[in-house]
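>>> just the structure for this:
(one chain, ligands or ions: 4)
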Amino acid sequence: MRSFFPILAATALLAVTTAEAYVINGLLDDWGVQPHIQWIPSSNSVNWIEEDNWGSGHPNFPSGGEIYDAEALYYDFMGGMAYVALVTSFPSNGYMYSYPGDIGIDLDRNGSYEYGLKTTGHLQGGFFANPTWTNASTYPSSGPARIIGGTMLDVQPLVYFETEIIENGFPTYIIEGRFDWSALGNPSQPFNLHWTQSCGNDVLNLTVTPVPEPGSLFLLGTGYAALCGLSWRRRKKK
Ligand SMILES: [Ca+2]
Ligand SMILES: [Ca+2]
Ligand SMILES: [Ca+2]
Ligand SMILES: [Ca+2]
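Residues are numbered from 1 along each chain as shown. Ligands and ions are numbered 1, 2, ... in the order given. Down below sits the predicted model:
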């Protein structure tokens with residue numbers, strides 16, 4: 001019977017590697033989300049927030065109307081990668097001297113953002129440590145907004161995609177990207193994700209609770225079972 005153990009472990013590994021990752025294409029069908037129709041993601045491992053139109057943080061947000069609306073933010077972890085998806089009416093090339101911000105990560109939730117993910121420009125998809133941020137110009141309390149310096153650790157695919165979905169007369173855009181979990185130092189405590197525009201007319205803040213993947217939980221369980229088997233055998237020898 002014992003010789004079956006490696007086969008079982010191999011099967012568990014296979015189950016982990018064949019788990020379907022998110023496709024970075026600006027479409028949210030892989031999240032089970034249809035903007036304005038179905039905001040609730042299909043997987044309960046997703047951390048998310050939806051603030052389509054008047055959300056929390058400011059009584060009149062989005063200030064300036066629908067075009068500034070930051071609508072939803074999603075986060076999930078899979079295969080060593082952290083995936084993010086953001087829904088907004090704000091265009092990738094900006095509007096009225098305001099430009100899209102970058103995604104901030106506040107690891108210890110103290111209001112300063114130690115990491116960031118570039119959403120636009122020639123460094124799009126770049127993952128930064130200790131970034132220098134611009135503040136939000138019109139609503140400073142919405143800040144920080146854009147990365148203008150720091151150490152770029154890695155670059156991963158990221159798209160800022162104009163969908164054909166129109167809401168209140170404005171197109172809906174999807175920012176979909178990812179970053180290497182190990183670049184973040186494999187945190188085990190909750191951390192904050194953040195996005196706004198350079199004006200700060202709307203803002204999304206999401207607290208993420210890191211949880212191991214079901215696959216890794218299963219592997220941990222398998223390892224534990226193996227250890228138990230070992231100690232049982234040792235005991236029996238005495
Ligand atoms: Ca996708
Ligand atoms: Ca909206
Ligand atoms: Ca909003
Ligand atoms: Ca911090």
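>>> can you report how many residues lie near E71?
In terms of burial, E71 registers 26 neighbours under the definition other Cβ atoms under 10 Å. The way it works is simple: take the backbone N, C-alpha and C, and place the C-beta from them, glycine included.
>>> go ahead and confirm L123 touches M152.
Yes - applying Cβ atoms under 8 Å as the test, L123 and M152 come out as touching, 6.6 Å apart.
>>> what is the burial count for the nearest residue in space to P190 that is not next to it in sequence?
Counting by Cβ to Cβ, 6 or more residues apart in numbering, P190 lies nearest to T209, which is 4.8 Å off, once chain neighbours are set aside. A total of 10 residues lie near T209 under the criterion other Cβ under 10 Å.
>>> helix, strand or coil for the residue nearest in space to the middle of the chain?
Among the residues of the chain, the smallest C-alpha distance to the mean C-alpha position (Cα atoms, centre = their mean) belongs to V84, namely 2.7 Å. With DSSP: H, G, I helix; E, B strand; the rest coil as the basis, the three-state label of V84 is strand.
>>> for it, what are its contacts?
With contact taken as Cβ atoms under 8 Å, 6 or more residues apart in numbering, V84 is in contact with L73, Y74, Y75, I103, L117, I175, E176, G177, R178, F179, L193.
>>> 10 Å instead, please
Going by Cβ atoms under 10 Å, 6 or more residues apart in numbering, V84 touches 22, 47, 73-76, 103, 105, 117, 119, 158, 175-179, 193, 195, 206, 208.
>>> show me these that map onto strands.
Among the contacts of V84, the subset assigned to strands under DSSP state E consists of 47, 73-76, 103, 105, 117, 158, 175-179, 193, 195, 206, 208.
>>> give the buried subset of those as a ChimeraX selection command.
The following ChimeraX line selects those of the ones in strands among the contacts of V84 that are buried, judged by 16 or more other Cβ atoms under 10 Å:
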select :47,73,74,75,76,103,105,117,158,175,176,177,178,179,193,195,206,208
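>>> check contacts around G94.
With contacts taken as Cβ under 10 Å, 6+ apart, G94 has the following neighbours: P100, T120, Q197, S198, C199.
>>> what about stretch 187-197, how long is it end to end?
This stretch, stretch 187-197, spans 27 Å end to end (Cα to Cα, to the nearest Å).
>>> do stretch 60-78 as well
With Cα to Cα as the measure, the ends of stretch 60-78 fall 36 Å from one another.
>>> in it, which residues are buried?
61-62, 64, 66-78.
>>> next: stretch 127-147.
By neighbour count, and taking 16+ other Cβ under 10 Å as the criterion, the buried residues in stretch 127-147 are 127-129, 131, 133, 136-137, 139, 142-147.
>>> also near ligand 4: which of those, exactly?
Filtering those for neighbours of ligand 4 using Cβ under 5 Å from the ion leaves an empty set.
>>> domain assignment for this structure?
Following the assignment in automatic domain parsing, the chain carries domains at 1-19+213-238, 20-212.
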